[in-house]
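**Q** sequence first, predicted model second:
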Amino acid sequence: NAGVMQNPRHLVRRRGQEARLRCSPMKGHSHVYWYRQLPEEGLKFMVYLQKENIIDESGMPKERFSAEFPKEGPSILRIQQVVRGDSAAYFCASSPKGVRSGEQYFGPGTRLTVT
Amino acid sequence: GENVEQHPSTLSVQEGDSAVIKCTYSDSASNYFPWYKQELGKGPQLIIDIRSNVGEKKDQRIAVTLNKTAKHFSLHITETQPEDSAVYFCAASMNTGNQFYFGTGTSLTVIP
């Protein structure tokens, strides 16, 4: 059973461009979480999705950021008109039953650099 | 919402010694407490977890203890090895919520 996959692993964007980050959960997992990690800091919750639905987006900035988890295909975190402050590592995690099961498994992350 | 605090932020130990990392949480409804190890350039990996109906759990050289009354839980690593060097995160969640709340991390260095 392959683990959580994220791509790209590294992404460089110029200010104003769009960044699109992809996350393929573990097989059988229908719950996906996105986190942002700044250097020397912990993981900050951004959004929680369950197939085709956004369950909790309270940690995601209301402007420029969006997330989806379609019926088919990976979950996507989209950042429009990126700014230097968006530079960070973005991790997704998947879970078989969400918070109820307690387990979540992380991908290797996408390191976004905005120049 | 829940607030998880983690101490210390950095910890250096000699190889073979024990390491202890402590976390506190604020919401008594939290009932699941995982610990993650993050190596440089990688995503966090679950290493051990504990639920609120248990006071202690062990897995070889690592153990976690939970004090529900005081609302704190700790990670214990015995006989530390250089490969234990990493950043460790604690977290808390409650099955009535939607989020996992993370501590700020402890950078552990094991000196050979």
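**A** Great, that's in hand.
**Q** correct me, but B:I62 touches B:I48?
**A** Yes. With contact defined as C-beta atoms under 8 Å, B:I62 counts as touching B:I48 (5.3 Å). The C-beta positions use only the backbone N, C-alpha and C, and glycine is treated the same way.
**Q** please identify every residue contacting each of the two.
**A** B:W35, B:L75 (C-beta atoms under 8 Å, 6 or more residues apart in numbering or on different chains).
**Q** so which residues of chain A form strands?
**A** A:5-7, A:10-13, A:19-24, A:31-37, A:43-50, A:53-56, A:65-68, A:75-79, A:88-95, A:105-106, A:110-114 (DSSP state E).
**Q** spell out which residues of chain A are next to chain B.
**A** A:4, A:6, A:33, A:35, A:41-45, A:48, A:55-56, A:58-59, A:91, A:93, A:98-100, A:102-109 (C-beta under 8 Å from any C-beta of the partner chain).
**Q** please check those and keep the buried ones.
**A** Among those, those classed as buried by neighbour count (16 or more other C-beta atoms under 10 Å in any protein chain shown) are A:4, A:6, A:33, A:35, A:42-43, A:45, A:48, A:55-56, A:59, A:91, A:93, A:98-99, A:102-109.
**Q** quick revisit: as CSV, the strands of chain A with distance to B:N53 and mean pLDDT would be great.
**A** Output for the strands of chain A, formatted as CSV (distance: least, C-beta to C-beta, whole Å; pLDDT from 0 to 100):
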stretch, distance to B:N53, mean pLDDT
strand A:5-7, 34, 96
strand A:10-13, 42, 98
strand A:19-24, 32, 98
strand A:31-37, 23, 95
strand A:43-50, 25, 93
strand A:53-56, 25, 93
strand A:65-68, 34, 97
strand A:75-79, 32, 98
strand A:88-95, 20, 95
strand A:105-106, 23, 92
strand A:110-114, 37, 97
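**Q** what's the closest of these to B:H7?
**A** Among those, the nearest to B:H7 by C-beta to C-beta is strand A:43-50 (17.1 Å).
**Q** what's the local residue count around the closest residue to B:G16 other than its chain neighbours?
**A** Closest residue to B:G16 apart from its sequence neighbours, by C-beta to C-beta, 6 or more residues apart in numbering or on different chains: B:E79 at 5.9 Å. Using other C-beta atoms under 10 Å in any protein chain shown, B:E79 has 11 other residues around it.
**Q** now do the one 10 residues further on
**A** Applying other C-beta under 10 Å, we find 26 residues neighbouring B:F89.
**Q** which residues does the spatially most central residue of chain A bridge with?
**A** Among the residues of chain A, the one closest to the centroid is A:W34, at 3.5 Å (C-alpha atoms, centre = their mean). Under DSSP bridges, the beta-bridge partners of A:W34 are A:V47, A:C92.
**Q** then A:T113?
**A** Beta-bridge partners of A:T113, counted by DSSP bridges, are A:V12.
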